[in-house]
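J.: test case, fold it:
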Amino acid sequence: MLNSARHVKRSLVATKPRKLLVAFLTGSSFGYVTYQAALDTRQKRKVRVFTSGLIRFTRMIKLGVAVFADFKLSPLVRFSDSSAATKYGSEDCHWRTAQRFFQTAVDNGGLYIKFGQGLAVLNHLLHPAYIKTLSRLNDMALTCTSDELDEILVEDFGLDSSQLFSEIERQPIAAASIAQVFDARLISGERVAVKMQYIDLQDRFVGDIWTIKLLMDIAEWVFPGFNFKWAVNELCDTLRQELDFINEAHNSEKCALDLKHFKYVYVPKVFWDYTSKRVLTTEFIDACKVDDKECLKSRGIDVRLACERMCKVFGYQIFQSGFVHADPHPGNLFVRKNPDGSGDTQLVILDHGLYQRVEPLVQRRLGNFWKSMILDDQAGMLRDASSLGVRGLHDTAIFAAILLQRPWYVNVPFSSYFKSMTNVDFEHMSNFMENHFEKVMGVLRSMPLSLLLVVRNVNTIRSIVQTHDEPVNRYRIMTDCTIRRDWRHCGEYFRLQYRLFLMDAKEFLHRLILGLFVRLSSSGIPLFSKFKLLTEEVERRSALQNDI
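T.: Numbers count the residues shown, from 1 in each chain. Okay, here's the model as predicted:
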């Protein structure tokens, strides 16, 4: 009897905490439901953003722990070596880390995808594993529901889509990391493109940026010599610009004003009554992406002329106007026949969210450095590079390679860079980045920050031109842009023009002789086949001897 009483007492004691837990959970759930019911749509979204922010933060911590364990446990780790990022682990470590970064960016979405896309263009900084893996993020985008489309329009304009537009396609015609574009028609009849930001990005921005910077601080502490936070800060600032569509609208109008003397450039008109910080409405453009070979061919567009004009326009921005489009990737550059009926090739520039203003003094010094390269003036290059914060022959060579997007060699005429890169050049760039990463980072840190996005512009244009097998000489075109800003200095102007004439003549003769040699070497005569192999070996050794 006594044992039975004790058993009942223990059961009651054990049951009490469970009842309290059930009561607590029931009350909490009821309270949460009641709280949610009392919130409006915007407040509910903020709560959702907060909870999802905790999940994204957890994913980033998980990523950091995995990267730390992978690199520190790698058999190739050298704890005391901080000369280059690639020395912290093996090739496999870099590929695994790149894949983890990619997957985390996809899972977190939004700014993380945009941030990864920004890292992917830094091929002069990062290991190839990150470039190749993160480049896949260019095809990634979020999706939004039809309700979100109306929700953001009501919040920003007080009207839903049926009140703002006579028709709007609910399926986006383009999607990116921070926004989607919809085909619509205004009540007045004009066909427009409506660029609409994902609804929660503004709310997520502060928390996501804080998380990214925190992890960079941790990475810098764990891996001495990493020192990449300065570049991350720059990327974060660019993200802040891109999230303001009113700023983008102003940029587009300034761009149109700056380039109005280029009759073959067009910037779509902004409809201000239908534009807010999260919604941008411009006229609809029917054209081909600049890298869409099939579309360009089907419409009879001169690809060579399109590439030439693209290089001229962005060369003008860099060396003359100082208002530089910092994200001219193929999705933002379109080509069409001029709608005025002339049939001329017209370049259409979209997405003006990210621009870099280059100070006149920096712009002038950069132009002087470029001209010193043209004239093969090594002393001038050292002087002009020093004025930009880059000192010493070795760092000057790195700076030149960053601008040219190819190796720069001592005692090699500038006209040599008018030819396509060889396999030796590609191999050199890869090896140099792997073995001298910290030196490249040092050069980038020492030069003006405003040139970072200029380098991105140059690199993106190079990539587009290469897509079309380099039909134009972009170095020669950019050279013209540096000269035109000094037209009042007649002596220097004619001297530069004379040197360019000699370079053009030399390049013409080179191509003429090369073409003749190729035809002879394909004739099957053994003498020419052996001579071809000997020539390639001489060029390879010459490049290695001149390598810095």
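
J.: which residues of the stretch 151-300 of the chain score low on pLDDT?
T.: For the stretch 151-300 of the chain, applying pLDDT under 70 flags the ranges 222-232, 235.

J.: in it, which spans are strands?
T.: Under the criterion DSSP state E, counting those that start in this stretch, the stretch 151-300 of the chain contains strands at 165-168, 174-175, 179-186, 191-197, 265-266, 279-283, 288-289.

J.: run a quick neighbour tally on V192.
T.: V192 has 21 neighbouring residues, counting by other C-beta atoms under 10 Å. Just so you know, the C-beta spots here come from the backbone N, C-alpha and C atoms, and that holds for glycine as well.

J.: would you agree it is in contact with I173?
T.: No. Applying C-beta atoms under 8 Å, one finds V192 not in contact with I173, separated by 11.7 Å.

J.: could I get the strands of the stretch 151-300 of the chain as JSON lines with distance to L305?
T.: JSON lines is the format used below for the strands of the stretch 151-300 of the chain (distance: least, C-beta to C-beta, whole Å):
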{"stretch": "strand 165-168", "distance to L305": "36"}
{"stretch": "strand 174-175", "distance to L305": "26"}
{"stretch": "strand 179-186", "distance to L305": "27"}
{"stretch": "strand 191-197", "distance to L305": "26"}
{"stretch": "strand 265-266", "distance to L305": "13"}
{"stretch": "strand 279-283", "distance to L305": "24"}
{"stretch": "strand 288-289", "distance to L305": "14"}
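
J.: which one of the ones you listed lies nearest to F501?
T.: F501 sits nearest to strand 265-266 of all the strands of the stretch 151-300 of the chain, at 27.8 Å, using C-beta to C-beta.

J.: got the contact list for the closest one?
T.: 259, 285, 309, 313, 346-349 (C-beta atoms under 8 Å, 6 or more residues apart in numbering).

J.: for V313, give me its contacts.
T.: Neighbour list for V313: 259, 262, 265, 347, 349 [criterion: C-beta under 8 Å, 6+ apart].

J.: specify which member of those residues is nearest to C236.
T.: Among these, and counting by C-beta to C-beta, the member closest to C236 is I349, at 24.8 Å.

J.: list phi and psi for the residue nearest to the closest one when sequence neighbours are not counted.
T.: With C-beta to C-beta, 6 or more residues apart in numbering as the criterion, I349 has its nearest non-adjacent residue at 5.5 Å, and that residue is V267. Backbone torsions for V267, taken as degrees, to the nearest 10, come to phi -120, psi 120.

J.: now V267: how far from A256?
T.: To A256, V267 is 4 Å away according to C-beta to C-beta, to the nearest Å.

J.: and for V265?
T.: For V265 relative to A256 (C-beta to C-beta), the value is 8 Å.

J.: re the thing from before, compare V267 and A256 and say which is more crowded by neighbours.
T.: V267 (23 against 17).

J.: for that one, give me its contacts.
T.: Counting by C-beta under 8 Å, 6+ apart, V267 touches 252-253, 255-256, 259, 348-349, 352.

J.: okay, buried residues for stretch 295-306 please.
T.: By 16 or more other C-beta atoms under 10 Å, the buried positions in stretch 295-306 come out as 295-296, 301, 303, 305-306.

J.: want to throw these into CSV with distance to W221?
T.: Formatted as CSV, the buried residues of stretch 295-306 follow (distance: C-beta to C-beta, whole Å):
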residue, distance to W221
C295, 49
L296, 50
I301, 52
V303, 49
L305, 52
A306, 48
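
J.: what is the nearest of those to V67?
T.: Among the buried residues of stretch 295-306, C295 lies closest to V67 (C-beta to C-beta), at 40.8 Å.

J.: coming back round to it: and the contacts of V313, which two are furthest apart?
T.: Within the contacts of V313, F262 and I349 form the most distant pair, 10.2 Å apart (C-beta to C-beta).

J.: higher neighbour count, the two?
T.: Shown here are F262 and I349; by other C-beta under 10 Å, I349 has more neighbours (21 against 14).

J.: ok, the more buried one - contacts?
T.: By C-beta under 8 Å, 6+ apart, I349 lies in contact with 255, 259, 265-267, 313, 325, 328, 332-333.

J.: and the helices in the stretch 351-500 of the chain?
T.: Ranges of helices within the stretch 351-500 of the chain are 360-374, 378-387, 393-404, 423-435, 437-446, 450-467, 474-484, 490-521, based on DSSP state H, counting those that start in this stretch.

J.: ok, the stretch 51-200 of the chain next?
T.: 91-108, 111-120, 128-134, 146-157, 161-164.

J.: just the ones you listed: most buried one?
T.: Mean neighbours per residue, mean count of other C-beta atoms under 10 Å, is largest over those for helix 111-120, with a mean of 23.

J.: which other helices and strands does that helix contact?
T.: helix 91-108, helix 128-134, helix 201-222, helix 229-242 (3 or more C-beta pairs under 8 Å, 6 or more residues apart in numbering; DSSP states H and E).

J.: now render the ones you listed as JSON lines, adding distance to I402.
T.: Converted to JSON lines, these look like this (distance: least, C-beta to C-beta, whole Å):
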{"stretch": "helix 91-108", "distance to I402": "22"}
{"stretch": "helix 128-134", "distance to I402": "15"}
{"stretch": "helix 201-222", "distance to I402": "22"}
{"stretch": "helix 229-242", "distance to I402": "13"}
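
J.: lowest average confidence, helix or strand, in this protein?
T.: In the chain, the helix or strand scored least confidently by mean pLDDT, DSSP states H and E is helix 526-546, which has a mean of 51.

J.: mind checking which of the contacts of strand 265-266 are buried?
T.: In those, burial by neighbour count holds for 259, 309, 313, 346-349, counting by 16+ other C-beta under 10 Å.

J.: and the residues you listed as CSV, adding secondary structure?
T.: Listed next are the buried ones among the contacts of strand 265-266 as CSV, based on DSSP: H, G, I helix; E, B strand; the rest coil:
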residue, secondary structure
L259, coil
R309, helix
V313, helix
Q346, strand
L347, strand
V348, strand
I349, strand
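
J.: hang on, the earlier thing: which members of the buried residues of stretch 295-306 are the farthest-apart pair?
T.: Greatest spatial distance among these (C-beta to C-beta): C295 and L305, at 15.7 Å.

J.: shaky segments in the stretch 1-150 of the chain?
T.: If you take pLDDT under 70 as the line, the stretch 1-150 of the chain has these spans: 1-50, 73-90, 121-126, 138-146.

J.: if we go to 80?
T.: 1-53, 68-92, 94, 109-111, 114-128, 131, 135-148 (pLDDT under 80).

J.: who's in contact with the residue lying closest to P339 once chain neighbours are set aside?
T.: Using C-beta to C-beta, 6+ apart and skipping residues adjacent in sequence, the residue nearest P339 is Q346, 7.9 Å away. Residues near Q346 by C-beta under 8 Å, 6+ apart: 264-266, 335-339.

J.: drop anything exposed from those.
T.: 264-266, 335-337.

J.: ok, which pair from the residues you listed is furthest apart?
T.: V265 and K337 (14.2 Å).

J.: tally of neighbours for the spatially closest residue to T282 that is not a sequence neighbour?
T.: Spatial nearest neighbour of T282, chain neighbours left out: P268 (4.1 Å); criterion: C-beta to C-beta, 6+ apart. Using other C-beta under 10 Å, P268 has 19 other residues around it.

J.: going forward, the N-terminal residue is numbered 18.
T.: With the count now opening at 18, the last piece we talked about shows up as P285.

J.: residues contacting P285?
T.: Neighbouring residues of P285 by C-beta under 8 Å, 6+ apart: 210, 269, 299-302, 365, 367.

J.: between these, which is nearest P377?
T.: S269 (22.7 Å).

J.: quick check: L176 touching L170?
T.: Yes. Here L176 reaches L170: they are 6.5 Å apart, a contact under C-beta under 8 Å.

J.: centre of the chain versus stretch 317-336, how much separation?
T.: Centre-to-centre, stretch 317-336 and its host chain are 19 Å apart (C-alpha atoms, centre = their mean, to the nearest Å).
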